[in-house]
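Undergrad: Fold the stuff below for me.
(3 chains, ligands or ions: 3)
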Amino acid sequence: MSAVIAGWSQDNRERARLILASYPEKRSAVMPLLYIASLEHEYVTEDAMREVAELTEISAVQVRSVASFYTMFKSNAVGDYLVSVCASISCHLLGADEVLAAVEKASGASAGETTEDGSISVERVECIGACGGAPAVQVNYELIEGVTPEKAKGLVKWLTDARPAVVLTDEMQQLFGGQRSFDWGSSEPEGATRPLPAFGPYGSAEVGR
Amino acid sequence: MADKNTVSITINGVTHDVTPGQRLITAAEKVGEYIPRFCHHDKLEPVGKCRVCLVEVEGPRGTALMTSCTLPVSDGMVVHTTSEVVKKAQAGVLEFLLLNHPLDCPVCDKGGECPLQDQALAFGSGESRFIEEKRTYIKPMPVSDLVLLDRERCVLCDRCVRVADDIAGDPLIEFIDRGSHVQINTFPNEPFSSYFSGNTVQACPVGALTSVDYRFKARPWDLESVGSVSLVDSVHSTVDVHTSRGKILRVYGADNAAVNDGWLSDKDRFIFSAFQSSDRVTTPLIRDGEDFRSASWSEAIDLVASRLGSYVGNEVGAIGGANGTNEEAFALSKFMRVVMGSPHVDAQVGDGIDPHLAACVNPRATINDLDAAGTILVWGPDLKETLPVLYLRVRRAVLNGAALVVVSPFVTGLDSIATHVVRYRAGSGPEILRKLAHRDDAYQAVTQSLSNGPVVALVGRGSITENPDLAVAVAAFARALPDATLMPLLTRANIFGALDMGLAPTLLPGRASVGDKTSVSALEDAWGPLPDDSGKDAMAMLEALVDSDLRAVMLVGTDPIRDCPDPELAERALDAAEFILALDAYVTDSTSKADVILPVAVWGEVDGTATNLEGRVQRLHRSVQPLGRSMALSAALDSIALTMGSDLGASDWQLINKEISETAPAYAGMTADFLTFEVAEEGAIVPLPGASQPLGYIPVDMHVPVVTDRFTLHFAPSLYDAGILMSHSPVLRGLVATASVRLHPKDAAALTVTDGTSVSIGGHKLPVTLDGDVPERSVVLPHNHEATKAIAATQAVRVETQRGDA
Amino acid sequence: MTEMILTQRMTAHPSDSHTLSRYLDTGGYTALTKALDNMSEEEIVEEVKASNMRGRGGAGFPTGVKWGFLAPAQPRYLVVNCDESEPGTFNDRQLTERDPHQLLEGIIISSYALGVSHAFVYIRGEYPKAARRLQRAVDEAYEAGYLGEHIRGSEFSLDVTLHLGGGAYICGEETALLNSLEGKRGEPRLKPPFPAVEGLYAKPTIVNNVESISNIPWITANGGAAYASIGPERSAGTKMLSMSGHIRKPGNYEIVMGMTWRELIYEIGGGITDGKALKAWIPGGASSPWFVPDEHLDTLLTIDDVASNGSMVGAGAVIVMDETTNVVAAAHRLVRFFAHESCGQCTPCREGTSWMEAVLKRILDGNGRPEDIDLLLDISDNISPGLKWPPAMTTICPLGPSAVSPITSITRWFMPELEAIIAGSEVAVG
Ligand SMILES: Cc1cc2nc3c(=O)[nH]c(=O)nc-3n(C[C@H](O)[C@H](O)[C@H](O)COP(=O)(O)O)c2cc1C
Ligand code: SF4
Ligand code: FES
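TA: Numbering: from 1, shown residues only, chains lettered A, B, ... in the order given. Ligands and ions are numbered 1, 2, ... in the order given. From the prediction side, this is the model:
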């Protein structure tokens, strides 16, 4: 397949091939490939966009146009842990602002920023579908429901100290969560190693301890 | 309903019969109801994004607001465009658009011709209630060498993106970000370098996209507009020329559905700067030792008249004449044949095709025939590089479903959308043609495609290195295809007009063949008896000059040393000539060898008519005075003739035009008045003879040069070459790419050269670029480039590696 | 809550309701077998029509009727909308995480009924766990022959592709979703043409919500009539409601419509947190106009009753606000959401939503002006002329008008509070 991604890992090249094959039209693969490319480049760099453009046979600026439309394709470097605090209506009603403030204070990075050591990026996000367990927070898109300012502080400390290689939603829920939107059922073996949605076909999911 | 090809719609209580299929906004405008718009553009697919064209439409569930730019008219439709609801909605949208709009109208190029300004006045509410902070961007930022973008002024109408993507096929500008942060932008370090970028400036409804050359030049209210046609190439796009205080400031595409459909190439749009160049020759120049001295017209004319008068007619030849109007070409043709009594005239310089193929091919295709084509065959120069607006029309036809077969020794701009691309090693064209003609199995798919008519065949000489007979053979082959029509491809400004006016050794005005007594009777009545045998073509004239069979030559807006396939021959010929009269606007490699240079007026400075590659005749209107003491070519020839004691009848272009329509068979009735008043914006196609004339048939299996130890050469044309106008245009000059030799990686390996290292061709050293698209054993060079101009356009070349340097 | 269609399995088997083995030993894939073995495509469509099920994604359009509009051209596609991003909704997430095979069986049966051989599930990027669970289910299904070539030995073949979004609420709008799935910006398309005629890759396409499709196995197994017999005629079947905010027992509830809002909030939801008083609630997600106790507690919870009272059940998100709520701050949160999520292609939404957000922010910062109230209402009117319900639009899609609901809600029900905040007087909210 295309020489432009010769630099990609064998696995990711294979994933890209499968993804391209799973759509009737190449261009449909733009978003999945942007995720894989951000595994390779840490975030959606200009090279990443050029590579995706080559693979999907559209122009680089067309890829940029798509990437910049969505909030999860990051055009700047992000810390190892992306802490997303929901501030939409239900979380707002139950104290999201205090949770965000706590995260900012504990990490020393305010929303939109990354800590000096590059370990934690903080962002304020819109509804992440956890309103029943408000206020809710995600770390690398892995969810924690029923977070309080206190627990939020603990979460940040834990991330800084323990530096988990894989963040697992159940583990974090147990340590720092509370009220949940619903019974989650049995626990989830896979989690995220990078600030990307952890999904097998996109190469971003890892089985944790 | 009224009748089956109209539907009746009611607008504000008045019922109108309108043609179905059109959008409400257009139908309403035609019946005098103007609905405001920003994103709507007649030539672009509707997007309904700006929302300012909202109107109320009555429906089963009451009236609803709908965008009239997206709504097709339907019978019985009842519409309100001025109701309170509509007024409020439109005023609301205008207020929204103005929220973040800067208040820099006084310094905005669009000020005075700005739809936002005008429509805010007509449909807006006046004062803004927005006291929050406005969006700000760095302004303006260049998106290409020619275009600037001011994102604060942008109304996000999507016109530029649609022009770039849908019309030009260059998706290099796009919407970036989301919501209130949406902006137009390019990819970092990938500028909007499209041959058609200027169209976005013209399409932009506000002052967001501006062209570098026009910025701050004028205010719209002191612009005058004159309709004309572009003579940058043989397509003859219809244009509006905008002038102020006797100076051309801007050229806009005009809506001629039969030709350019409103679009222009950037060369059409920006080349006029070359005519304003300070290097223009503006007074007659007479040789003075190594140099020239300027002289008065009378002195120069006397000198020229006496020198020319001292030769027997056929000791004099004329090369060129393809840059001006039909009238100028006719005057030259008549001057040579009647005043000088010489048959030696040629508007081509050994770089063209058989004049009969160009002028008399039949059945001949129109540009609009492309839209109805089943299959389009392009076997000639790269259209994107040589006839960009024709490229747009072919592209549109292909996107609408026509099959496209491109045959070429090198990648062309059309390959990416072609159904079939046949690539061949430069020089082996005849072999390919033979295979196609004999339905060789290797080309089954192509043959299949070509059997699906109607076939429109665009046939020309792919490169100056291509055997000129090939085009004739291809044409002969293409004519046999189902419902085939042919479009001969020559690119020079008014070359088709020049040939029609008899500026070819084998042709007389009106597409009459030399010696064809019957068709030239009218001409002979006017001109007196004409010789039966044809004259020398340009290459023969150059050789004759070297052998002194020809003693004097007239160079009319041509530079043989640059343009003919054998620069070295041209050089020797001009050195050998006893007398050279140049009628030109610039000093060139060739005209610098002249004894006299007479400064002739150029495009924009003359009135007349011109004929494009369809045989379409259109009016050219003068928009400014000739620069300095320049004079129209025909007027100059007229006074030379007078001084020589004969009346050319060319003192005024209308006289000539009248004579053409009376004496040139095919041009009967093509008068200026007819063109101006009868067929205003589309022009008229010169009628073809009823019986289709036979093409000089060349057997398709022509001798193919067997080249083994050598490379074959393809001189690739490019839009931004070092042609005379390009090199005098301050706006476009910078766009000429650096030259290199394109080689197939295998050959490069064999020669042990790599990217960047240089080789020498015919003793000229050039850097190498590896390119898998180059057929093996051939090299591709940019044509008409400073670095390659001295290289003879022979089919086989020797490529020597430069030892020691890399 | 006697009837349970969607949440039975996950309630009975919390630990492993998402696995194939559990799915199979609780009657899973028997509906598919029934469909393939003894039902024609048309028969299934007829059953879905008979069920009167109305789409659960928000628009409430009868699913069977929509299926009837599918144009004949091939190929055609089924696209399942799991972009659930409307503030207040989280029930598609539960259905996907906790019973992915139920959704998948629905997809397979629907695809068979619609003559589809390639189905897509568009899952919002912030739901990686739902995506993983569904992907595992898909893998298991291929493994077991419920997906792929000649499913269960029949003539019918189907591939299912999961597609993660990139963070954009607007991609929940079906045509924006299709653009996104085509690798384009998630900008809604002009309608017509509707997806059923020109959808994905301009081919006939059915877009359905996760909950809608999750009902298909039950309807196939038990028949449309049985489904229609549950609940009020025009709000047939069960509906997943997501309750959040100041409610004692937040969460998802599979209910039968027809009860009053009082019953829902005080019985099912357990009342207001800390026994506080109810101030207002949002009945159908961020886009819906608010309800208030004095007016609506005894309004019936049916699609039509809620609509006739000027709001909507929508995707079934109930957001409860107690007496201490600063409704202007709440309205600002909602408007900020829509401003942030506007795709930006049409002027009134792009400019209007962020303008309203800025004005509300300014008011909350203590810089409000009396005229701001009329200004807010007039901006709203320029996005949604007449401020009617259902809303008129100057926009391409309903997102713009959605941002108007919070404004009209506070001006309609809480004008004194709004005026007080603008006046800067220390009127305690509530
Ligand atoms: C702004 C906007 C957001 C939407 N978001 C969703 C969504 O997240 N999930 C969903 O199923 N439908 C959503 N819809 C409705 C879809 O457009 C579509 O009507 C629905 O998916 C059809 O499925 P159904 O017929 O099964 O309800 C949204 C509509 C709009 C206008
Ligand atoms: S209303 Fe808003 S979200 Fe919808 S199309 Fe217009 S700008 Fe985009
Ligand atoms: S002109 Fe119709 S929406 Fe822009």
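Undergrad: Run through the neighbouring helices and strands of the helix or strand hosting residue C:361.
TA: Secondary-structure element containing residue C:361, defined by DSSP states H and E: helix C:347-362. Under the contact criterion of 3 or more C-beta pairs under 8 Å, 6 or more residues apart in numbering or on different chains; DSSP states H and E, helix C:347-362 touches helix B:84-99, helix C:327-341, helix C:371-383, helix C:399-402. All C-beta spots, glycine's among them, are computed from the backbone N, C-alpha and C.
Undergrad: how about the third one: buried residues?
TA: Using 16 or more other C-beta atoms under 10 Å in any protein chain shown as the test for burial, helix C:371-383 gives C:372-373, C:375-376, C:378-383.
Undergrad: out of the helices and strands packed on helix C:347-362, deepest packed?
TA: Highest mean neighbour count of the helices and strands packed on helix C:347-362: helix C:399-402, a mean of 27 (counted as mean count of other C-beta atoms under 10 Å in any protein chain shown).
Undergrad: Which elements pack onto that helix?
TA: Packing partners of helix C:399-402 (3+ C-beta pairs under 8 Å, 6+ apart): helix C:327-341, helix C:347-362.
Undergrad: and those as a markdown table, adding mean pLDDT?
TA: Below are the helices and strands packed on helix C:399-402 laid out as a markdown table (pLDDT from 0 to 100):
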| stretch | mean pLDDT |
| --- | --- |
| helix C:327-341 | 98 |
| helix C:347-362 | 98 |
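Undergrad: Going by proximity to ligand 2, name the top residue of the stretch 151-300 of chain C.
TA: Distance from ligand 2 to each residue of the stretch 151-300 of chain C (C-beta to the nearest ligand atom) is smallest for residue C:188, at 4.4 Å.
Undergrad: Enumerate every residue touching that residue.
TA: Residues near residue C:188 by C-beta atoms under 8 Å, 6 or more residues apart in numbering or on different chains: C:170, C:173, C:175-176, C:179, C:343, C:345, C:396-397, C:399.
Undergrad: which one is whichever residue of chain A sits closest to ligand 2 nearest to, not counting chain neighbours?
TA: Closest residue of chain A to ligand 2, C-beta to the nearest ligand atom: residue A:69 (10.9 Å). Nearest non-adjacent residue to residue A:69, counting by C-beta to C-beta, 6 or more residues apart in numbering or on different chains: residue C:185, 4.4 Å away.
Undergrad: all helices of the stretch 251-400 of chain B, in order?
TA: B:266-270, B:297-309, B:326-334, B:355-360, B:369-372, B:383-386, B:388-399 (DSSP state H, counting those that start in this stretch).
Undergrad: Most widely separated two among the contacts of residue C:188?
TA: Distances among those were taken as C-beta to C-beta; the most separated pair is C:179 and C:399, at 14.2 Å.
Undergrad: picking that back up, share the number of residues neighbouring the residue nearest to residue A:69, please.
TA: Look at residue C:185: counted by other C-beta atoms under 10 Å in any protein chain shown, it has 27 neighbours.
Undergrad: and if you look at residue B:598?
TA: 29.
Undergrad: likewise residue B:749?
TA: Look at residue B:749: counted by other C-beta under 10 Å, it has 12 neighbours.
Undergrad: For residue C:43, give its distance to residue C:218.
TA: Distance from residue C:43 to residue C:218, counting by C-beta to C-beta, to the nearest Å: 16 Å.
Undergrad: In terms of neighbours, single out the busier of the two.
TA: Ranked by neighbour count (other C-beta under 10 Å), residue C:43 and residue C:218 place residue C:218 first, with 24 against 13.
Undergrad: Averaged pLDDT, the helix or strand hosting the more buried one. What do you get?
TA: Element membership for residue C:218 (DSSP H and E) is helix C:216-222. Helix C:216-222 shows a mean pLDDT of 98.
Undergrad: Does it reach ligand 1?
TA: No. Helix C:216-222 does not reach ligand 1 (C-beta under 6 Å from any ligand atom); its nearest approach is 10.5 Å.
Undergrad: quick one: buried residues of that helix?
TA: C:216-221.
Undergrad: Could you give the backbone dihedrals for residue B:368?
TA: Main-chain dihedrals, residue B:368, degrees, to the nearest 10: phi -60, psi -20.
Undergrad: Run a quick neighbour tally on residue 110.
TA: Picking chain A for this. Residue A:110: 14 neighbours (other C-beta under 10 Å).
Undergrad: sorry, should have said chain C
TA: 27.
Undergrad: Which strand or helix spans it?
TA: helix C:100-114.
Undergrad: just residue C:279 next, same as before
TA: Using DSSP H and E, the element containing residue C:279 is strand C:278-282.
Undergrad: which residues does the one residue in the stretch 51-200 of chain B that gets nearest to ligand 1 contact?
TA: Nearest residue of the stretch 51-200 of chain B to ligand 1 (C-beta to the nearest ligand atom) works out as residue B:179 at 13.0 Å. Contact analysis of residue B:179 by C-beta under 8 Å, 6+ apart lists C:339-344, C:350, C:353-354.
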